[in-house]
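Student: with the sequence up front, the predicted model follows.
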Amino acid sequence: MARRHAQRARIGAAATGVDTAEVAVPSGVALGIALDWAPEAEQLGARERVEEYASNPFSGPITVPRRVAIGATGIEVHPLALGGSTFGWTVGAEEAADVLDRFAGTGGDLIDTADSYAAGRSESIIGRWMASRGTRNRMRIMTKVGRHPDHRGLSPESINGAVDDSLARLGTDRIDLLFFHGEDPDVPLEESLGAVDALITSGKVRAIGASDFSPERLIEARVLAANGLPRFEALTARYNLMERRRFEGAPELVAHAQALPVLPYFALANGFLGGAVRRRADIRRDARGERQARHLSRRGTRVLAALDQIAFAHGVQPATIALAWLLARPTVRRAGGEREPARAGRRARGRGIRAAGAIGDRRARPRLRVTRGAAGQWSERARGRGA
């Protein structure tokens with residue numbers, strides 16, 4: 001595609017800097033902080049580069065945010081990724097192709113899947129879509145190994161077999177970013193990394209990452225990398241406004257210390273943060289609905305109320321604010337892991353809410369003091385502007 005760069009002034013998503021913690025703070029206070037900081041974020045956004053791609057005479061060019069680098073992999077991608085965990089499970093091939101088309105239409109180019117998603121059907125659907133659209137060279141593929149029934153664990157044999165099968169299902173000769181899908185306590189980590197080293201040398205894998213690894217295991221991996229084995233270049237973790245405690249602690253500290261980019265999955269909490277589920281009657285009678293129901297609580301209602309207020313002020317959907325909040329976190333390099341980002345990314349682009357660049361800049365975020373009271377409730381107080 002023909003591409004040219006342009007400098008354009010865009011309204012910065014100042015609201016993305018609002019750290020709602022457990023959302024014990026009244027949403028009006030959070031909203032006030034966001035509005036007070038809008039001018040500075042707008043100035044930052046005006047200096048940012050966006051990219052314009054020619055598409056066709058009917059729709060005209062599409063404008064997308066500047067690319068975000070994933071660690072030292074040499075891979076630069078759109079700041080929103082699309083997860084394929086539901087492809088072949090609750091989303092059929094035809095609907096998945098429609099989601100992928102809309103995602104690609106917004107400039108999206110990073111697809112997240114795994115060999116265990118629907119026993120490999122997710123990879124197959126993505127592979128057939130890339131072949132039918134001729135998009136393989138434009139897309140970047142992340143997949144995971146270690147949990148497929150035919151290749152369980154992270155032994156060299158399992159890894160080699162899993163990678164070969166994934167390549168066949170995806171219809172490609174390379175995996176851009178391969179993740180270990182959880183730890184394998186029965187296999188020494190140096191053996192697993194040694195197997196990947198050979199795959200990188202052969203060209204089947206470009207880079208390696210870790211999914212849901214403990215801080216201790218990440219530290220061990222870094223020591224092994226210092227001795228010549230492949231280095232983890234990214235970390236995937238379950239992280240969103242509804243699920244924060246498991247990551248915000250030692251895992252986040254280690255990721256920050258290692259300058260390890262974090263790629264959150266279930267960024268919209270199984271779609272709950274999209275705001276469509278407000279009552280028990282709204283829950284779908286399927287596995288995805290059961291996961292959303294877990295968040296339908298008093299706390300979930302408070303989170304949605306805060307998102308509603310901020311989203312209303314900026315004329316966007318709650319999902320856009322939820323994703324922008326993630327992208328503003330200091331260790332996060334992209335957000336996604338669900339099929340909603342295709343729509344949320346389009347809303348962000350169409351309405352001018354930035355989901356990259358300025359929101360990741362500390363200068364564009366209000367300073368927040370987060371404290372924990374005697375009752376174990378989190379609260380926040382802004383310092384400086386908007387206080």
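Tutor: That came through, no problem. Being a predicted model, the structure only gives us computed values, none of them experimental. Numbers count the residues shown, from 1 in each chain.
Student: buried stuff in the helix of greatest length in the chain?
Tutor: Longest helix of the chain, by residue count under DSSP state H: helix 298-314. If you call a residue buried by 16 or more other Cβ atoms under 10 Å, then helix 298-314 has these buried ones: 300, 302-304, 306-307, 309-311, 313-314. Bear in mind the C-beta positions are built from the backbone N, C-alpha and C, glycine included.
Student: cool, and stretch 194-203?
Tutor: Of all the residues in stretch 194-203, those buried under the rule 16+ other Cβ under 10 Å are 194-197, 199.
Student: tell me which two in those are the farthest apart.
Tutor: Within those, 194 and 199 form the most distant pair, 10.1 Å apart (Cβ to Cβ).
Student: would you reformat the buried residues of helix 298-314 as a markdown table and include pLDDT?
Tutor: Shown next, in a markdown table, are these (pLDDT from 0 to 100):
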| residue | pLDDT |
| --- | --- |
| 300 | 90 |
| 302 | 93 |
| 303 | 93 |
| 304 | 92 |
| 306 | 94 |
| 307 | 94 |
| 309 | 93 |
| 310 | 94 |
| 311 | 93 |
| 313 | 92 |
| 314 | 91 |
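Student: and which of those is nearest residue 206?
Tutor: When these are compared for distance to residue 206 (Cβ to Cβ), residue 307 comes out closest, at 35.9 Å.
Student: skipping adjacent residues, who's closest to that closest one in space?
Tutor: In this structure, residue 307 finds its nearest non-sequential neighbour in residue 318, 3.9 Å apart by Cβ to Cβ, 6 or more residues apart in numbering.
Student: just checking, that neighbour touches residue 305?
Tutor: No - here residue 318 lies out of contact with residue 305, judged by Cβ atoms under 8 Å, at a distance of 9.8 Å.
Student: give me the pLDDT value at residue 330.
Tutor: Per-residue pLDDT puts residue 330 at 87.
Student: run a quick neighbour tally on it.
Tutor: 11 (other Cβ atoms under 10 Å).
Student: where does this structure dip in pLDDT?
Tutor: Along the chain, the parts satisfying pLDDT under 70 run over 1-65, 288-289, 335-387.
Student: tell me how many other residues crowd residue 296.
Tutor: Using other Cβ under 10 Å: residue 296 sits among 17 other residues.
Student: so it sits in a strand?
Tutor: No - under DSSP: H, G, I helix; E, B strand; the rest coil, residue 296 sits outside any strand and is assigned coil.
Student: how close does it get to residue 269?
Tutor: Distance of residue 296 to residue 269, computed by Cβ to Cβ, to the nearest Å: 11 Å.
Student: now residue 205
Tutor: From residue 205 across to residue 269, the span is 30 Å (Cβ to Cβ).
Student: kindly report the same for residue 208.
Tutor: 28 Å.
Student: re earlier: list the contacts of the residue nearest to residue 307.
Tutor: When contacts are counted by Cβ atoms under 8 Å, 6 or more residues apart in numbering, residue 318 is found next to 273-275, 304, 307-308, 311.
Student: same list (these) but as a markdown table, adding distance to residue 133.
Tutor: Shown next, in a markdown table, are the contacts of residue 318 (distance: Cβ to Cβ, whole Å):
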| residue | distance to residue 133 |
| --- | --- |
| 273 | 29 |
| 274 | 26 |
| 275 | 31 |
| 304 | 35 |
| 307 | 33 |
| 308 | 36 |
| 311 | 32 |
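Student: and which of those is nearest residue 245?
Tutor: Using Cβ to Cβ, the contacts of residue 318 come closest to residue 245 at residue 273, 16.5 Å.
Student: wait, the closest one touches residue 307, no?
Tutor: Yes - using Cβ under 8 Å, residue 273 is in contact with residue 307, at 6.7 Å.
Student: list residues touching both of those two?
Tutor: Shared contacts of residue 273 and residue 307 (Cβ under 8 Å, 6+ apart): 241, 318, 322.
Student: what about those residues, which are in helices?
Tutor: 318, 322.
Student: looking at the shared contacts of residue 273 and residue 307, which is nearest residue 259?
Tutor: residue 241 (24.4 Å).
Student: surely that closest one meets residue 303?
Tutor: Yes - look at residue 241 against residue 303 with Cβ under 8 Å: they come within range, at 5.5 Å.
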